[in-house]
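> what's the 3D shape of this:
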Amino acid sequence: MVVVGIDPGTATTGYGFVREGEAGLVAVAYGVISTPAGTPMPLRLQTIYRELSRLVRLHQPVSAAVEQLFFSKNVTTALAVGQARGVVLLALAECGLEVAEYKPMEIKQAVSGYGGAGKRQVQEMVRMQLGLDEVPRPDDAADALAIAICHVSRQRFQTLLDQSS
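Here you go, the predicted model:
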């Protein structure tokens, strides 16, 4: 079973495809969709949509997870990320995927066991859980893999709950 995690952004959108097998979790593919600075927003959003749709068709995940928007003090950045998030959600829905959304704290908790974990700690846990030699780069790709790991963990938990009732 392959799932995809997405860390949305207009300059870089991280993606991570993870497969759950008998031996544990395996990174199938990860990276970023980059859009050049200075490119008009409609074209950046179009690039994100097209490339994500292509990647989903290529790797055939059964479900997807996206990080919820964390509103910071920079309203302009939050609005741009919101636009990218909307395009990501649209692309995933158009591909027929069920989409789960997780808060940053939930992702950290699922991956590291601590909702207040630092970025480096989460990245190292991603590396360890996927059996990688190095922490995935760039950071957005590592974050996307963390989102996918969180999603697999939540799906396992839900399956156990369903089986017990």
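> Beyond the helix or strand hosting Val28, next helix or strand please.
Per DSSP states H and E, Val28 falls inside strand 24-34. Going down the chain from strand 24-34, the next helix or strand is helix 41-59, by DSSP H and E.
> Any idea how far stretch 44-61 is from the middle of the chain?
13 Å (Cα atoms, centre = their mean, to the nearest Å).
> swap in stretch 89-105?
9 Å.
> what about that stretch, average pLDDT?
For stretch 89-105, mean pLDDT is 97.
> on that earlier part again, okay, angle between the strand holding Val28 and helix 41-59 too, please.
150 degrees (axes from the mean of the first three to the mean of the last three Cα atoms, to 10 degrees).
> So what touches strand 24-34?
2, 11-20, 47-48, 51-52, 55, 59, 129-132, 136, 138, 140-142, 144-145, 149, 152 (Cβ atoms under 8 Å, 6 or more residues apart in numbering). Placement of C-beta: from N, CA and C, glycine included.
> Let me see the mean pLDDT of that strand.
Computed over strand 24-34, the average pLDDT equals 97.
> Buried by neighbour count: which residues of it qualify?
By neighbour count on 16 or more other Cβ atoms under 10 Å, the buried set for strand 24-34 is 25, 27-34.
> and the strand or helix carrying Leu145, how far from the chain's centre?
Under the criterion of DSSP H and E, Leu145 resides in helix 139-164. Its chain's average C-alpha position is 10 Å from that of helix 139-164, according to Cα atoms, centre = their mean.
> pLDDT of that helix, averaged?
89.
> Kindly report the same for stretch 39-47.
97.
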